[in-house]
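Undergrad: Sequence first, then the predicted structure, then my questions.
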2 protein chains.
Amino acid sequence: MRKGRWLVSGLVLGAGAFAVVAYAGKASKDIITPQEARKYFSPITQKVVDNPQNPVTQQKVELGRMLYHDPRLSKSGLISCNTCHNLASGGVDNLPTSIGHKWQMGPVNAPTVYNAAFHIAQFWDGRAKDLEEQAKGPILNPKEMAMPSEEEAVKRIASIPQYRELFAKAFPGEKEPITYDNIAKAIAAFERTLLTPSRFDKFLMGDTKALTAEEKKGLKLFIEKGCASCHNGVALGGTMFQKMGIVKPYNSTSPAKGRYDVTKKPEDMYVFKVPSLRNVERTAPYFHDGQVWSLEEAVRIMADIQLGVQLKDDEVRAIVAFLKSLNGEIPKHALTLPVLPPSTEKTPKPSFD
Amino acid sequence: MRKGRWLVSGLVLGAGAFAVVAYAGKASKDIITPQEARKYFSPITQKVVDNPQNPVTQQKVELGRMLYHDPRLSKSGLISCNTCHNLASGGVDNLPTSIGHKWQMGPVNAPTVYNAAFHIAQFWDGRAKDLEEQAKGPILNPKEMAMPSEEEAVKRIASIPQYRELFAKAFPGEKEPITYDNIAKAIAAFERTLLTPSRFDKFLMGDTKALTAEEKKGLKLFIEKGCASCHNGVALGGTMFQKMGIVKPYNSTSPAKGRYDVTKKPEDMYVFKVPSLRNVERTAPYFHDGQVWSLEEAVRIMADIQLGVQLKDDEVRAIVAFLKSLNGEIPKHALTLPVLPPSTEKTPKPSFD
């Protein structure tokens, strides 16, 4: 094992995430077996990643989908969660860093909302412990949705009678169901259902024909070269924090310092959450600064600066072929636009400055 | 008939649009009958408004839905047709005037895409003869999607293999199916299916119970007071151009001069297309400049400056009740997000300046 690879400052979830076992030759027919792959990865077998603090219910999910798409949660009335985490585009905006209120550019690339519920923490620097906490960030971030206060967000939503009904149903028994916490809880409940199983999951569950020979070659290389040391678990990422530039430094124009921005510990400088590789073909550009557009190039750079490995062209091609097999099926309800309830005379107006 | 009401500089479509017949007392049971209402209005009875120059096909509609939602048709990669004509929000952005590239504000309020295919022309000033022509405008408008050229838009789309397949299927037999015209044709074909029948259509088709007594009272007033002189046809609007401020001037902060901007004729100054009132509750704020947020206020102002009529409170309430009955059912496929195909290494990158 390469020194420094386990410079991990977070938790690691998922059975087998630490089980880095040397690959032991090919099976009779396939060059890699599902059993071997399951030492590193777990299939998506569920429809929901639940949170005991915020159990997912149908009512919350439907309300959450509305709020996720509702631009009235932004100061300008233009920007919704979906603007940067576009469910039609791999759960991202496909921009280097996101464009927010007044065309301000954020410091980091928007991570995908798909399968985000599997992560140990949210945001690149892990500053939110879960999706419920994450959802509260961008709405108030002056560079993103720029809502001036929690109260203003609540005021907009509470001014709409249909939302009052839906919150009462989604949070039964609560005296005042429309709160900033509950707005975030509904959005998070919706997000907890955004799982995208792919052919890779079928393979992991034993269907050896679910991947092509080239994809299996790529999977094998992905493990052998060390990629799976960090990109593992259900989401092929999201299980740990890791330094960007372990073996060689990564030069970024982004001011983001990763975990350091949260902990202020020197060892956390440029330590970011390992991103999920599910749907990675759909989530360009890559890395926390979104500076790399080509998946091939991203694979080469990762091998070089994280693992000290120079990949050959055919190795890159195979790994990329494997990565594309992670394009999952987007659940139908994630592709259903809500009909948003109209504002009323009491709804606070948007503002653009 | 009030003098000046027919200062019309466009075509009037729809059977009976000109049939302004004095209302002749109430029917035995209902205060207004479907027959009487059909002198002014026509129900939505179809699923598609076809264009012989661009026949609607399933292939075009599905491709068009993708393009409608694809932000890569904007220079920044952030803005899609759906940004300003949000299918979740009544087909509009609910902003006074739209926010485009680099947070620029346009001169006029985004009209709804729902039922737009019924209109005699597109844009407030009618400068596009149909949806096919309209779709070509915002993509290149430097204040909106800001794509530098038709070629650049074509280049982005043509760089994506899945789009190449879908264009070949949607435009069979064409040597080079990906053209700027065909991008617009596909988008327009999708838009031609965005029809929203409501309870009012049931009433027009003979179901006298489809509207409440209050709504029927409003409908009767809507006709008697003269609103239906301009807001008529299938879409309750979109059948003619009309001066904003016939009886009294309308003071606007918008630089838009309506038809004058197209024809340069003095009589076309401040003459705009009469907007559709379908789903009007969902399309606030109102008027070409989006300066009025309250539907009640919009009704009062219209009666005052267009008809010289001062409405009583209960009259306004009834008319607004009727207008809310125009909230239609959004077709399911309009609420289906596409899964957009990923960009490739050849796809030109977005730019933000």
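TA: Cool, got the structure.

Undergrad: Look at A:K225 and say how many residues are nearby.
TA: The criterion is other Cβ atoms under 10 Å in any protein chain shown. On that basis, A:K225 has 17 neighbouring residues. All C-beta spots, glycine's among them, are computed from the backbone N, C-alpha and C.

Undergrad: Name the nearest residue to it, sequence neighbours excluded.
TA: Once flanking residues are discounted, A:K225 sits nearest to A:V309: 5.3 Å by Cβ to Cβ, 6 or more residues apart in numbering or on different chains.

Undergrad: From chain B, how far out is that neighbour?
TA: The span separating A:V309 from chain B equals 22 Å under the rule Cβ to the nearest Cβ, to the nearest Å.

Undergrad: So that residue is in contact with A:A303, correct?
TA: Yes. At 4.3 Å, A:V309 counts as touching A:A303 under the criterion of Cβ atoms under 8 Å.

Undergrad: Now list whatever residues contact both of the two.
TA: Jointly contacting A:V309 and A:A303 under the rule Cβ atoms under 8 Å, 6 or more residues apart in numbering or on different chains are A:K225.

Undergrad: Could you check which of these two has the larger neighbour count?
TA: More neighbours surround A:A303 than the other of A:V309 and A:A303, with 21 against 18 (other Cβ under 10 Å).

Undergrad: Now name the helix or strand holding the more buried one.
TA: Secondary-structure assignment from DSSP states H and E places A:A303 in helix A:295-307.

Undergrad: mean confidence for the helix or strand harbouring A:V262?
TA: Per DSSP H and E, A:V262 falls inside helix A:260-263. Per-residue pLDDT over helix A:260-263 has a mean of 97.

Undergrad: Tell me the helix or strand right after it.
TA: Stepping forward along the backbone from helix A:260-263, the first helix or strand reached (DSSP H and E) is strand A:271-273.

Undergrad: Distance from that following strand to the middle of the chain?
TA: In terms of Cα atoms, centre = their mean, to the nearest Å, the centre of strand A:271-273 is set 13 Å apart from its chain centre.

Undergrad: packing partners for it?
TA: Judged by 3 or more Cβ pairs under 8 Å, 6 or more residues apart in numbering or on different chains; DSSP states H and E, the packing partners of strand A:271-273 are strand A:241-243.

Undergrad: Which strands and helices lie in contact with the strand it packs on?
TA: If you count contacts as 3+ Cβ pairs under 8 Å, 6+ apart, strand A:241-243 packs onto strand A:271-273.

Undergrad: Need phi/psi at the residue nearest to A:K225.
TA: When read as degrees, to the nearest 10, the backbone of A:V309 gives phi -110, psi 130.

Undergrad: what sits against it?
TA: Taking Cβ under 8 Å, 6+ apart as the definition of contact, the neighbours of A:V309 are A:225-226, A:303.

Undergrad: Format those as CSV; extra columns: pLDDT.
TA: Formatted as CSV, the entries for the contacts of A:V309 read as follows, by pLDDT from 0 to 100:
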residue, pLDDT
A:K225, 98
A:G226, 98
A:A303, 98
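
Undergrad: Is it possible to get CSV of those residues that adds distance to B:L194?
TA: Rendered in CSV, the data for these read as follows (distance: Cβ to Cβ, whole Å):
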residue, distance to B:L194
A:K225, 50
A:G226, 51
A:A303, 48
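
Undergrad: Count the neighbours of the residue in the stretch 51-200 of chain A that chain B sits nearest to for me.
TA: Of all residues in the stretch 51-200 of chain A, the one sitting closest to chain B is A:W103 (4.1 Å; Cβ to the nearest Cβ). With neighbours defined by other Cβ under 10 Å, the count for A:W103 comes to 16.

Undergrad: so it touches B:M105, yeah?
TA: No. Using Cβ under 8 Å, A:W103 is not in contact with B:M105; the gap is 11.7 Å.

Undergrad: ok, and what's touching the helix holding A:A303?
TA: Counting contacts by Cβ under 8 Å, 6+ apart, the residues outside helix A:295-307 that touch it are A:2, A:5, A:225-227, A:230, A:242, A:244-250, A:280-281, A:284, A:286-287, A:292, A:309-311, A:316-317, A:319-320, A:323-324, B:345.

Undergrad: likewise stretch A:95-102?
TA: Residues outside stretch A:95-102 that contact it (Cβ under 8 Å, 6+ apart) are A:74-76, A:79, A:83-84, A:93, A:105-110, A:141-146, A:254, A:285, A:289-291, A:352-353, B:76-78, B:103, B:350, B:352.

Undergrad: same question, stretch A:311-324
TA: Residues external to stretch A:311-324 that are found in contact with it (Cβ under 8 Å, 6+ apart): A:211-212, A:214-219, A:221-222, A:225, A:227, A:277, A:280-281, A:295-296, A:299-300, A:303.

Undergrad: Now it: buried residues?
TA: Buried residues in stretch A:311-324, defined by neighbour count with 16 or more other Cβ atoms under 10 Å in any protein chain shown: A:311, A:315-324.

Undergrad: Write out the residues of chain A neighbouring chain B.
TA: A:69, A:71-72, A:76-78, A:83, A:86-90, A:93-95, A:99, A:102-103, A:105, A:281-282, A:284, A:293-294, A:296, A:330, A:334-340, A:342-343, A:345, A:349-350, A:352 (Cβ under 8 Å from any Cβ of the partner chain).

Undergrad: For PyMOL, write the selection for the buried entries among the residues you listed.
TA: Taking 16+ other Cβ under 10 Å as the burial criterion, the selection of buried members of these in PyMOL is written as:
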select buried, chain A and resi 69+71+72+76+77+78+83+86+87+88+89+90+93+94+95+99+103+281+282+284+293+296+330+334+336+337+338+339+340+342+343+350+352
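
Undergrad: Next step: the residues of chain A next to chain B restricted to strands.
TA: Secondary structure of these is defined by DSSP state E; no position falls in strands.

Undergrad: Restricted to helices, list the residues of chain A next to chain B.
TA: Assigned to helices by DSSP state H, the following of the residues of chain A next to chain B qualify: A:69, A:83, A:296.

Undergrad: chain center to stretch A:318-331, what's the gap?
TA: Distance of stretch A:318-331 from the chain centroid (Cα atoms, centre = their mean) equals 15 Å.

Undergrad: okay, how far is it across that stretch, tip to tip?
TA: Stretch A:318-331 has its terminal residues 27 Å apart, counting by Cα to Cα, to the nearest Å.

Undergrad: do the same with stretch A:260-277
TA: Between the opening and closing residues of stretch A:260-277 we find a distance of 24 Å, counting by Cα to Cα.

Undergrad: Check stretch A:162-182 too.
TA: The first and final residues of stretch A:162-182 sit 16 Å from each other (Cα to Cα).
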